[in-house]
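A.B. asks: Here is my input; please provide its structure:
(chains A and B)
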Amino acid sequence: MKATWVRLSGIIGAIALILGAAGGPVPLQPGPALAAEELKISLVAPLSGRWARQGQLKKMGAEMAIDEINSAGGIKALGGAKIVLREADAGDSVEKAVSAAQRVLSREKISAGIGSWLSSFTLGVTEVAERLQVPWFTLSYADTISERGFKYTFQSSPVSSLQAEQALDLILDLAKRNNQQIKKAALVGDNTAAIVFFFKPLREKLLKAKGIEIAVDEVWTPPLADATALVQKLRSAQPDIVFYGATNFPDSIQVLQKVKEFGLKVPFMGVGAWLVTPEYVQALGKELLDNIMSVTAAHPLKGQEELVDKFKKRTGEPFMTQDPLMTYYHVWLIKEAAERARSTDPKAIREAVTKLELTSGAAANALAPGRIRYDERGRRMWAAPIIVQWQGGEPFTIVPAELATRKPFWPAAK
Amino acid sequence: MTFADLVQYVATGLLVGGVYALMSIGLALIFGVMRVVNFAQGDFMMLGMYLTYFFAIGYQVDPLLGALITIPPFFALGLLVHRVLLVRVTGGGDPQREMDAQLILTLGLSLIITNATTMILSPMPRGIRTAYATQAFAAGPILVNQARAYAFLMALLLAAAVYVFLTRTDLGKALRAAADDPEAAGYQGINVRAMHGIAFGVGIGLVAAAGGLLATYHPIEPTVAVNFIVLMFVAVVLGGLGSIPGAFVGGLLIGLVQSLTLLVLPFQLQNVGVFIAFLLVLYLRPQGLFGQRMRSV
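C.D. replies: Predicted structure coming up:
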């Protein structure tokens, strides 16, 4: 960890030196927009290493939006300019992600960027984007991403601390409507950034404020060697709900298999979109997943059936989740901004995004509540977490109720 | 903490350790005979997991059997890799330069295998769904996961087979001779180069089988090796570099220590226990548990 930081600061230092010597961020001064010029969007996401699957899903969403836009005549205000995707592999470390962003942004004129899934990657990549003045759109959750006063970073998910607070209210409300009381909770998850930031407020104040006791609090460093001891603790403590953050797929599979093996019946509430991906069905089967819930930043809503069908048809994926949906949204958002800016200039696009207020169109329809605006920190206003539940081998939106695709089912605790 | 809890922790640790043990034997064999540190060992394990997966999905072969079937093709693959690549950097020449070349070769091989698998088979994790992965043998309050129990027994059987092969067959004895003193073995008419190939083949076959057993309860993805490769090396060094029984005991010990650490330390520090044990062994017995003391200069 320390070595990573040392190396990261080294890279940042080197970049700073180069830029300093050049007397400021001179590379990449974009020229004026030409008719039917291409608008280049860069996607910096993990395409190799242990998060490659997430990068692959993100790419699918981006490509779908680009195909839609280009086949409908491109960006009209720019004489039908087509959108082109420039992808760069963020790999499996912050330094790789930062150098990928550096490479892709300085090689040619990029109008806007998307990425990089993991909060720690996004923190590094947005530093590069800020310096090179390219607007950057991310689905990462960490609060710190939009707390640095950056002008070019736009965070479209509700931030972790808000998610925890809002999700707890939503969950308690859901339990109440199903005549269940939550008195004891368990916090079980790994020590990756998004989970740590979600659990922290729950552990320190939120649960206590609601009169909920923390019966189990176990955090591990992935990979988990074996889940027996963990699930044993859950079995003897008998919590009413488990807040669950096993972002490493093999860890999560081991825990859920063990829950089945021990015959444990307790509602699981995951933290993030990692728990609602198709590979879970393949590895665990429908029955084992049934009723497991997860809090995510985006998931297909009522009225998006056509979009989801289209996605399934082109990719062969069994359903659509946060990662492709968010990149799909981001590409459409950039398109809307370019229409208003009448330019492919990244600064003009950033300017347009800050003034944007969308209530219709593909971008606005992609996310709840169907109204898009970014505040002065670059956070999407009215962004609220969505609760998803596995039912019959597919995850469905169950909260917010007015946009839900299925009714929630609260498993009776024993 | 009751006695039953303690028994449960020990049982869990041994079961986890059994598969670590089998993984480590292959690495120890390769090092013992060839003096090559194979950084791609974990990636061959990953390939073994995929082959077992394809047997299971394509031909409904139970992964426990599938693990056994992976041995011959991986033995052949090992021979091939030795013949085409490793032979160029082993046996003769400046030992220091050879060692550098071996490191670069096996590390490069590891990178190529991981990334080629990501490209060809996609990064999507896969799993073999077996009924026994979520069932347990119950002995009073103690639960023993069936998948892990079967995998443990298979690992024991395979390790025993390797032991018999090395101590009771002529080929095994020749292998050991080539490991002990390549020059003298050569004078006795043993083809040391062929022995290297066989050692590499058997080492790869064993780790592929360990992968197959692992696949009964662990998902398969191109990067799965990173979760295990460090533990394999620790097991091999713990047991004494190159010692087969040492690697086996080392693997078992790691599982046991990982499990028992949880009695005193939180989950986050699970592997700290392993490394403390590792340092202790190195401090008290630098040659490893089963290693022979090197002649000092």
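A.B. asks: Would you mind naming what in the stretch 51-200 of chain B lies close to chain A?
C.D. replies: Neighbours of chain A within the stretch 51-200 of chain B, by C-beta under 8 Å from any C-beta of the partner chain: B:115, B:118, B:122-127, B:129, B:133-136, B:143, B:145. In this view, the C-beta of every residue, glycine as well, is placed from N, C-alpha and C.
A.B. asks: Narrow these to those in helices?
C.D. replies: Assigned to helices by DSSP state H, the following of those qualify: B:115, B:118.
A.B. asks: List only those of the residues of the stretch 51-200 of chain B next to chain A flagged as buried.
C.D. replies: When neighbours are counted using 16 or more other C-beta atoms under 10 Å in any protein chain shown, those contain these buried positions: B:118, B:123, B:124, B:125, B:126, B:127, B:133, B:134, B:136, B:143, B:145.
A.B. asks: now, which of these sits nearest residue A:115?
C.D. replies: Using C-beta to C-beta, the shortest approach to residue A:115 within those belongs to residue B:123, at 16.2 Å.
A.B. asks: Which residue is the nearest non-sequential neighbour of that closest one?
C.D. replies: With C-beta to C-beta, 6 or more residues apart in numbering or on different chains as the measure, residue A:52 is the residue that lies nearest to residue B:123, at 3.3 Å, once sequence neighbours are left out.
A.B. asks: Pretty sure the one you found sits against residue A:46.
C.D. replies: Yes - in this structure, residue A:52 is within contact of residue A:46 by C-beta atoms under 8 Å, at 5.5 Å.
A.B. asks: now the helices for chain B?
C.D. replies: Residue ranges of the helices in chain B, as given by DSSP H, are B:3-34, B:41-59, B:63-69, B:71-84, B:95-121, B:146-168, B:170-180, B:182-187, B:192-214, B:229-239, B:244-264, B:270-284.
A.B. asks: What are the buried residues along the third one?
C.D. replies: Meaning helix B:63-69. Neighbour counts over helix B:63-69 (16+ other C-beta under 10 Å) mark B:63, B:64, B:66, B:67, B:68, B:69 as buried.
A.B. asks: Let's have the residues you listed in JSON lines, adding pLDDT.
C.D. replies: Output for these, formatted as JSON lines (pLDDT from 0 to 100):
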{"residue": "B:63", "pLDDT": "94"}
{"residue": "B:64", "pLDDT": "94"}
{"residue": "B:66", "pLDDT": "95"}
{"residue": "B:67", "pLDDT": "95"}
{"residue": "B:68", "pLDDT": "95"}
{"residue": "B:69", "pLDDT": "95"}
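A.B. asks: returning to that earlier point: who's in contact with the residue nearest to residue B:123?
C.D. replies: By C-beta atoms under 8 Å, 6 or more residues apart in numbering or on different chains, residue A:52 lies in contact with A:46, B:118, B:123, B:222, B:223.
A.B. asks: quick revisit: now compare the buried ones among the residues of the stretch 51-200 of chain B next to chain A and name the two farthest from each other.
C.D. replies: Of all pairs drawn from those, the widest gap by C-beta to C-beta lies between B:118 and B:143 and measures 35.9 Å.
A.B. asks: number of nearby residues for residue A:315?
C.D. replies: Residue neighbour count, defined by other C-beta atoms under 10 Å in any protein chain shown, stands at 17 for residue A:315.
A.B. asks: ok, the buried residues of helix B:63-69 vs residue A:330, which is closest?
C.D. replies: Set against residue A:330, the nearest of the buried residues of helix B:63-69 by C-beta to C-beta is residue B:63 (40.6 Å).
A.B. asks: Keep only those of the residues of the stretch 51-200 of chain B next to chain A that are in strands.
C.D. replies: When DSSP state E is applied, those are split such that B:136, B:143, B:145 fall in strands.
A.B. asks: any idea how far residue A:207 is from the one residue in chain B that gets nearest to chain A?
C.D. replies: Distances from chain B to chain A, computed as C-beta to the nearest C-beta, single out residue B:127 as the nearest residue at 2.9 Å. Distance, residue B:127 to residue A:207, by C-beta to C-beta, to the nearest Å: 33 Å.
A.B. asks: same question, residue A:191
C.D. replies: The spacing between residue A:191 and residue A:207, counted by C-beta to C-beta, is 19 Å.
A.B. asks: quick one: which of those two has more around it?
C.D. replies: Here residue A:191 and residue A:207 are compared on neighbour count by other C-beta under 10 Å; more neighbours surround residue A:207, at 20 against 15.
A.B. asks: In contact with the more buried one, which residues?
C.D. replies: With the criterion set at C-beta under 8 Å, 6+ apart, residue A:207 makes contact with A:168, A:185, A:213, A:214.
A.B. asks: 7 Å - rerun?
C.D. replies: Contacts for residue A:207 (C-beta atoms under 7 Å, 6 or more residues apart in numbering or on different chains) come out as A:185, A:214.
A.B. asks: can you give me how far the helix or strand harbouring it is from the chain middle?
C.D. replies: Under the assignment given by DSSP states H and E, the secondary-structure element containing residue A:207 is helix A:207-209. Relative to the centre of its chain, helix A:207-209 is centred 27 Å away, using C-alpha atoms, centre = their mean, to the nearest Å.
A.B. asks: try stretch B:38-54
C.D. replies: Per C-alpha atoms, centre = their mean, the centroid offset for stretch B:38-54 relative to its chain is 11 Å.
A.B. asks: could I have it exported to CSV, CA atoms only?
C.D. replies: These are the backbone C-alpha positions of stretch B:38-54, laid out as CSV (Å, rounded to 0.1, in the frame of the first residue of the first chain):
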residue,chain,number,x,y,z
ASN,B,38,8.3,-21.0,-11.7
PHE,B,39,6.3,-17.8,-11.4
ALA,B,40,3.8,-19.1,-13.9
GLN,B,41,2.8,-22.0,-11.6
GLY,B,42,-0.4,-20.2,-10.5
ASP,B,43,-1.4,-19.6,-14.1
PHE,B,44,-1.1,-23.2,-14.9
MET,B,45,-3.4,-23.8,-12.0
MET,B,46,-5.8,-21.3,-13.4
LEU,B,47,-5.7,-23.2,-16.8
GLY,B,48,-6.4,-26.4,-14.9
MET,B,49,-9.5,-24.8,-13.4
TYR,B,50,-10.7,-23.8,-16.8
LEU,B,51,-10.1,-27.3,-18.3
THR,B,52,-12.0,-28.8,-15.4
TYR,B,53,-14.8,-26.3,-15.9
PHE,B,54,-15.1,-27.2,-19.6
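A.B. asks: how much space between the nearest residue to residue B:291 once chain neighbours are set aside and residue A:166?
C.D. replies: Sequence neighbours aside, residue B:240 is the residue nearest to residue B:291 in space, at 2.4 Å (criterion: C-beta to C-beta, 6+ apart). In this view, residue B:240 and residue A:166 are 56 Å apart by C-beta to C-beta.
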